[in-house]
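> this one's sequence-less:
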């Protein structure tokens, strides 16, 4: 009897974990292809494997929808996790399409590239559902390692290697800080499970409060590093500039999804708003972080001559908005963060897909690539404009609806000044994007020939640009989805 | 009628824009024809809508359509038209049609994108006038901003990029303030619908006075930036000067009016008490309006650049609109007596008439400036002189537009100013006393700079001896506007009664 029950339990667990397992298998297969036969790489086997893995994982995630369950008391499958997973899978799918043509032009380690992408997606999926700090940390580390390797993909390029080294050193230090904070939490509360931590901290005596706060600060520091928020953002511009452009696209979206998901879950489950004193402290901390992030990055972006760096700084600024929703710690705020996350990811992917199309040679994205783009590739120029407007929050794009959610949640909680900072930064970001729009539409082209866009890249571009517009005009279905996810997080016992 | 004429009108230009996208860019003639045809279609539709509204009842919202859009926020796709918005719709369609018709001969480069952006602009402007939901209003205002900014930036004059981004950022700051104010209203009343919110009366209890004032000022600043009222007028001369002719026409003719419309439709009904307070007890708004009028007219008179002069002439005209609205706000506590109600309605009607007439007149003025520039390649007033004999048609049309701009009775510009001062004199007489000075200065500016400098005096035969008079298509562009100016000046009743019905309803619903 017990054998049957345990087999059934095992089957159940495997079923619940099937998306992650699919990803794992696809990644290992892609890695293996590299060893087995280089000729297979030429026939685009790694891409196909990876895409198949992603699609299978997506189908499995959708099939698992509505199952509320826990695995090993480490991983939970609630609507929030499922939304994060879906977003991560779709993001990686679009990334694979975007990087296809780029990777084809490099002859080594193609399988490795895609395998790394898959493994980082696996990490993000785990982060979406992790309810134990140890699992979160493991997934964060997996994400860090794969990201670093991806940044350093161009082994011959000095900038790529330098960027990877910088990220690695920075990242390890902050991971160590996070782990240290986790160990303190364990020492104070006797557990690394988020719910138990919540219960334990509620009964903690006042004399332990400073220690608790310090541990919390360490953990939040590590998470803000992942998102790229100020003051732990110094790795980002160099990493974004040195990495190959598809990897930059990944860096601006993948870790942000993972970091935001972890931050929401950790902060709102383990240190929920009911614990007023603690909540107020981390909220104040995050308020400072988000204000600095938005303002400093936007101001820095104004001065960048290199478009990749400009997009890097402005992506960092946009991630500041995500934190606004976390600060409000309300269902509306989390809804806003999740919706804006999706809008941000789509818009960023679109913008970077255009960047991949125009800057084929590794000059790091100088402005001349964009000059006169309206003539050389009008669809690209329009897609880029739409994505940039979405990032800035101009209607009728997805980014606008996301910001509407966020600002409403902020004002509802009485954080009017935060909303004002947010809207003023939206205006500032337009001043940054103007450089690109001006180059595309007003500056004369260097050469009159039309830019040819490979099919996969065109597919990725159309998906992102069209969905940015469609989600902006018809946000209903997506917002209902995201609301369910937010309820799951905040309604938890 | 069940046929959704408003949505059809709203999206017709968008359909035209998308259609121009598929026409190959070398086939310029088809693009021009299709674009102008769609604009003309909207002209027909808006005329039908206006006549329909007058027949059914311009006092109430007609042809309303409502669909949920973002249910989480109770944001709805709610559009409707009444006696206030119908004439503005018509004006938009008229100016767009004339602009596209004129641009067929004026714009040679990148014609496809030009027509696409123009039709997109028309959609945005239509939507702003039709929207009854505040978020929808915001969305359409922004949708209208982007094409305007691109049109200026791509087809404009020498400093067009600077002007375009300055315009966009300046107006955007105002817009985002408006967005925050709108969110505040929603959180207070639970709805984004402007009529419902006005009924509930956000922040109307005495404890919330501070908040009410803050939100009111956010709205007012946003609209003041949009109508280029002093001190937020500095974007106006740059953009108007650098934009292409048709772009300036649309800017001065319609885009400027979005703020005025917003004042009447949104700011006044939602926040009547703060409006009254800042008009009477702390008279900031009338001062701003009067300074716009007088200072604007003086600056206009000081210009030696023809296009800049035309641009600055809009500042005092919008000042009259602001003055008319705040005259009504000043009279709010006394609205129970019918005499006061009459005067308040006069003020508001004056503001609306001024909106409408200014659109027609300034549209014509900018067309003429463009027509002159196209021949002479300069805007410098010092080089002109004596063109009356050389180009009599241009002279004749400019006289009509100029006299209308300074408010000569018998032409369109008179009624708006007259009614505004009627209302102002009743409730805030000091403002009226100082404001009429603006009329004198405007007259000075127009007569001296626009008419005397350009057309009278000695003709420089070497430079302008070969100047050609207006071509058939330039005349075809100007005649409708001039006819409308004369008609409106002699017989304003159709337009005025349309405005009056809607505005009286609005006044009666104010607490």
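All right, it came through fine. The structure presented is a predicted model; accordingly, all values stated were derived computationally and were not measured.

> what's the offset of stretch B:166-186 from the middle of its chain?
Its chain's average C-alpha position is 18 Å from that of stretch B:166-186, according to C-alpha atoms, centre = their mean, to the nearest Å.

> Let's verify residue B:403: helix, strand, or coil?
Here residue B:403 is recorded as helix under DSSP: H, G, I helix; E, B strand; the rest coil.

> what about it, neighbour count?
Applying other C-beta atoms under 10 Å in any protein chain shown, we find 23 residues neighbouring residue B:403. For the C-beta atoms, the positions are set from N, CA and C on the backbone; glycine is no exception.

> Would you check that it makes contact with residue B:411?
Yes - between residue B:403 and residue B:411 there is a contact at 5.7 Å, judged by C-beta atoms under 8 Å.

> how about stretch B:70-80: buried residues?
Neighbour-count burial for stretch B:70-80 flags B:70, B:72-80 (criterion: 16 or more other C-beta atoms under 10 Å in any protein chain shown).

> Write out the residues of the stretch 1-150 of chain B neighbouring chain A.
Within the stretch 1-150 of chain B, the positions adjacent to chain A are B:68-73, B:110, B:113, B:135, B:138-139, B:142-143, B:146, B:150 by C-beta under 8 Å from any C-beta of the partner chain.

> which of those residues are buried?
Using 16+ other C-beta under 10 Å as the burial test, these include B:69-70, B:72-73, B:110, B:113, B:135, B:138-139, B:142-143, B:146, B:150 as buried.

> Spatially, which two of those are the most separated?
Among those, the pair separated by the greatest distance (C-beta to C-beta) is B:72 and B:110, at 40.6 Å.

> coming back round to it: which ones among the buried residues of stretch B:70-80 map onto strands?
Among the buried residues of stretch B:70-80, DSSP state E puts B:70, B:75-80 in strands.

> wait, which of those residues is closest to chain A?
Ranked by distance to chain A (C-beta to the nearest C-beta), those are led by residue B:70 at 5.6 Å.

> so where's the chain uncertain?
You didn't pick a chain, so chain A it is. For chain A, residues meeting the criterion pLDDT under 70 lie at A:1, A:38-42, A:107-108, A:205-206, A:360-365, A:448, A:491-493.

> Let me rephrase: I mean chain B.
For chain B (pLDDT under 70), the answer is B:1-2, B:511.

> If we use 80, what do you get?
Within chain B, the set of residues satisfying pLDDT under 80 comprises B:1-3, B:25, B:71-73, B:201-205, B:335-336, B:460, B:463, B:465-466, B:510-511.

> For it, which residues are neighbours of chain A?
Proximity of chain B to chain A, by C-beta under 8 Å from any C-beta, involves residues B:68-73, B:110, B:113, B:135, B:138-139, B:142-143, B:146, B:150, B:153-154, B:161, B:165, B:168-169, B:172-173, B:176-177, B:179-180, B:183-184, B:186-187.

> can we see that at 7 Å?
Within reach of chain A by C-beta under 7 Å from any C-beta of the partner chain, chain B has these residues: B:70-73, B:138-139, B:142-143, B:146, B:150, B:153-154, B:161, B:165, B:168-169, B:172-173, B:176, B:179-180, B:183-184, B:187.

> the strands in chain B, which residues?
Listed in chain order, the strands of chain B (DSSP E) span B:62-70, B:75-81.

> Which residue, other than its chain neighbours, is closest to the residue in the stretch 201-350 of chain A that chain B sits nearest to?
The minimum distance from the stretch 201-350 of chain A to chain B, using C-beta to the nearest C-beta, falls at residue A:335 (7.3 Å). Leaving aside its chain neighbours, residue A:335 sits nearest to residue A:486 (4.4 Å; criterion: C-beta to C-beta, 6 or more residues apart in numbering or on different chains).

> Run a quick neighbour tally on that neighbour.
Residues lying near residue A:486 (other C-beta under 10 Å) number 26.

> What of residue B:283?
For residue B:283, using other C-beta under 10 Å, the count is 18.

> What residues does the nearest residue in space to it that is not next to it in sequence make contact with?
Take residue B:283 and drop its neighbours on the chain: the residue closest to it by C-beta to C-beta, 6+ apart is residue B:428, 7.3 Å away. Residue B:428 makes contacts with B:279, B:286, B:327, B:330, as judged by C-beta atoms under 7 Å, 6 or more residues apart in numbering or on different chains.

> cutoff 6 Å now
By C-beta atoms under 6 Å, 6 or more residues apart in numbering or on different chains, the contact set of residue B:428 is B:286, B:327, B:330.

> Can I get those residues in TSV including neighbour count and distance to residue A:220?
Listed next are the contacts of residue B:428 as TSV, based on neighbours: other C-beta atoms under 10 Å in any protein chain shown; distance: C-beta to C-beta, whole Å:
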residue	neighbour count	distance to residue A:220
B:286	25	52
B:327	32	55
B:330	26	53
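
> List just the nearest of those residues to residue B:123.
Among those, and counting by C-beta to C-beta, the member closest to residue B:123 is residue B:327, at 33.5 Å.

> ok, the closest one to chain A distance?
Residue B:327 sits 32 Å away from chain A, going by C-beta to the nearest C-beta, to the nearest Å.

> do you know how far that residue is from residue B:282?
16 Å (C-beta to C-beta, to the nearest Å).
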